[in-house]
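Student: using only what follows, build the 3D model:
(one chain, ligands or ions: 2)
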Amino acid sequence: MATMGQIWANTGSTLATLMFTYTIFRRWFPHVGDHLAPFFERLFSRFYPYIQIKFHEYSGEHFKRSEIYSGIQSYLSRDSSLRAKKLKANTTKGSKSLVLSMDDREEITDEFESVTVWWQSKKVGNTRQSFSFYPAADEKRYYMLKFHRRDREVIIERYLEHVVKEGKMIDMKNRERKLYSNTPGQNHRSQTKWSHVTFEHPASFDTLAMEEKKKEEIKNDLVKFSKSKDYYKKIGKAWKRGYLLFGPPGTGKSTMIAAMANFLEYDVYDLELTTVMDNTQLRSLLIETSTKSIIVIEDIDCSLNLTGQRKKKEEEEEEGGDEKKAVEKKMKDEGEKKESKVTLSGLLNFIDGLWSACGGERIIVFTTNFVDKLDPALIRKGRMDKHIEMSYCGFEAFKVLAKNYLDVEENELFDEIKRLLEVEEIKMTPADVGENLLPKCEGEEAETCLKRLVEALKEEKEEAKRRVEEEVEEKKRRKEKKEEMKAKKEEKKKKIEENVEEEEH
Ligand SMILES: Nc1ncnc2c1ncn2[C@@H]1O[C@H](COP(=O)(O)OP(=O)(O)OP(=O)(O)O)[C@@H](O)[C@H]1O
Ligand SMILES: [Mg+2]
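Tutor: Ligands and ions are numbered 1, 2, ... in the order given. Sure, this is the predicted structure:
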């Protein structure tokens, strides 16, 4: 393919002659020159049928780096790192790796819909030969795009959009991902704000202990969501999806969130509801979140009193005359009220109100240990679209952990472990299984770790038996106490009735 340089070489001498003639002509016959200008322009364009577009690095009054320029730089970095002979290496703020771009005055060609274009990186100003680490203030860089005028339509209408879109995608992939958390302001009246650190959690779906089928289902769901911009637009729905992760502590809810974020390459916003003063603050936090992010509210049952009126009444009835508990609960509720006035309706508005649609492409994840405690309004489909149960370790999940922790895919102890997990139905969280599998000293054999797990599972079986017996005992004790109280109440009532009767006589 001919480079722009070769084309220049071919047409260069013709153009140079023409330019020279035209300049001399204008000098001697300035008035005639003006009349002849259109003629010369037509003549030049006949010999040089290329169109050029410049994209400056800094444009506008505010000296802000042009987004299009950086988009082009990222777009070209892919090809230039392979093809350009002179490269420049930059570290860009917020980027996780080096960005290689072509050096000044380098040129590369690109093809789009069978049309060839030429990109050149150029620099103007500061021709002084001085040594400096920093670019001179009067130095201006730009990209020059050249293409044949017959391709004008393709370039203007489709190619430029393609470059900017691809460039943004490369930037997105290259960026350092962030984990945001909302920190309360200095005094209790000031707003809570997002602060961030680099998100570097190593969890992935490969390391997540879970049945393969369930994992695939979640991954497919995530991919489908992330590619459905047009579909969501078509059905008139904000581009977001809610997940509810529920299960006992240590079953991998937080790990799953990290795996999701790594899988989709999204940022994570970890929202601590108890430090949000009211619904207005909650809304302003939401508005500040960026697209391609996961907003997480962990332990939603502990964050707010979302159990609903109906549940509360039931609890009170159950507690009966246990006054101490009631007082404690009241104090706790009052404390919570002082800390946060976020209401259930505020939270629902946060999830699917009008504001929630701004920015697009967001995933909201709630986690809880007690799914039954939550208000049904909060977790209905449309708000929490997918409910995922994270449960105790099954045999398939154990195999993932054994592979990850010990690099073991088969062992004679596997049958015993399978029996304990599946036949005996011993409940152990993946966190506990992992802890048992983790080698405790340098060079500890995989066999030893597996034996430790078998022992721990057997102990857990005994422990579970004891817990059941204790529970039965506790239930019996509570029942007896209730009956005793009931008897006492009746006796008291009887005494009062007898007193009244005596007084009447
Ligand atoms: N399913 C799993 N796959 C792989 N590792 C797991 C899994 N579940 C738990 N773990 C391990 O156990 C640790 C604790 O898990 P995690 O914090 O994800 O549990 P959780 O369900 O969020 O618990 P909690 O309800 O207490 O917040 C993790 O660091 C991880 O290493
Ligand atoms: Mg957790």
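
Student: lowest-confidence helix or strand of this protein?
Tutor: helix 308-319 (a mean of 43; mean pLDDT, DSSP states H and E).

Student: write out the residues of the stretch 251-400 of the chain neighbouring ligand 1.
Tutor: Residues of the stretch 251-400 of the chain that fall close to ligand 1, judged by Cβ under 6 Å from any ligand atom: T251, G252, K253, S254, T255, N369, M390. Bear in mind the C-beta positions are built from the backbone N, C-alpha and C, glycine included.

Student: change it to 5 Å
Tutor: Within the stretch 251-400 of the chain, the positions near ligand 1 by Cβ under 5 Å from any ligand atom are T251, G252, K253, S254, T255.

Student: was I right about the last one contacting L208?
Tutor: Think T255. Yes - the criterion here is Cβ atoms under 8 Å, and T255 meets it with L208 at 6.2 Å.

Student: surely P439 is in a helix?
Tutor: No - counting by DSSP: H, G, I helix; E, B strand; the rest coil, P439 is not part of a helix but coil.

Student: roughly how far apart are the nearest residue to it once chain neighbours are set aside and E459?
Tutor: The shortest distance from P439 to any non-neighbouring residue, by Cβ to Cβ, 6 or more residues apart in numbering, is to C449 (5.9 Å). According to Cβ to Cβ, to the nearest Å, C449 stands 16 Å off from E459.

Student: again with L179
Tutor: Taken as Cβ to Cβ, the span from L179 to E459 is 37 Å.

Student: more crowded one of these two?
Tutor: The residue with more neighbours, out of L179 and E459, is L179; 18 against 12, by other Cβ atoms under 10 Å.

Student: that older thread, make TSV out of the residues of the stretch 251-400 of the chain next to ligand 1 and add distance to ligand 2 and neighbour count.
Tutor: Formatted as TSV, those follow (distance: Cβ to the ion, whole Å; neighbours: other Cβ atoms under 10 Å):
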residue	distance to ligand 2	neighbour count
T251	9	24
G252	8	24
K253	5	23
S254	3	19
T255	8	22
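
Student: just these: which are in helices?
Tutor: If you go by DSSP state H, these have K253, S254, T255 in helices.

Student: and the residues of the stretch 251-400 of the chain next to ligand 1, which two are furthest apart?
Tutor: Comparing all pairs in these by Cβ to Cβ, the longest separation belongs to T251 and S254, at 9.8 Å.

Student: helix/strand/coil for the residue of the stretch 101-250 of the chain at minimum distance from ligand 2?
Tutor: Nearest residue of the stretch 101-250 of the chain to ligand 2 (Cβ to the ion) works out as P249 at 7.2 Å. Of the three states, P249 takes coil according to three-state DSSP.

Student: hang on, the earlier thing: got the residues of the stretch 251-400 of the chain next to ligand 1 as a markdown table, with pLDDT columns?
Tutor: Shown next, in a markdown table, are these (pLDDT from 0 to 100):
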| residue | pLDDT |
| --- | --- |
| T251 | 96 |
| G252 | 95 |
| K253 | 96 |
| S254 | 96 |
| T255 | 96 |
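
Student: please enumerate the strands of the stretch 51-200 of the chain.
Tutor: 58-59, 64-65, 87-90, 99-102, 107-112, 115-124, 140-148, 178-183, 193-198 (DSSP state E, counting those that start in this stretch).

Student: give me the buried positions along the fifth one.
Tutor: Residues E107, I108, D110, F112 are the ones in strand 107-112 that count as buried (16 or more other Cβ atoms under 10 Å).

Student: the residue in the stretch 151-300 of the chain that ligand 1 sits nearest to and D432, how far apart?
Tutor: The stretch 151-300 of the chain approaches ligand 1 most closely through G252 (2.7 Å), counting by Cβ to the nearest ligand atom. G252 sits 12 Å away from D432, taking Cβ to Cβ as the criterion.
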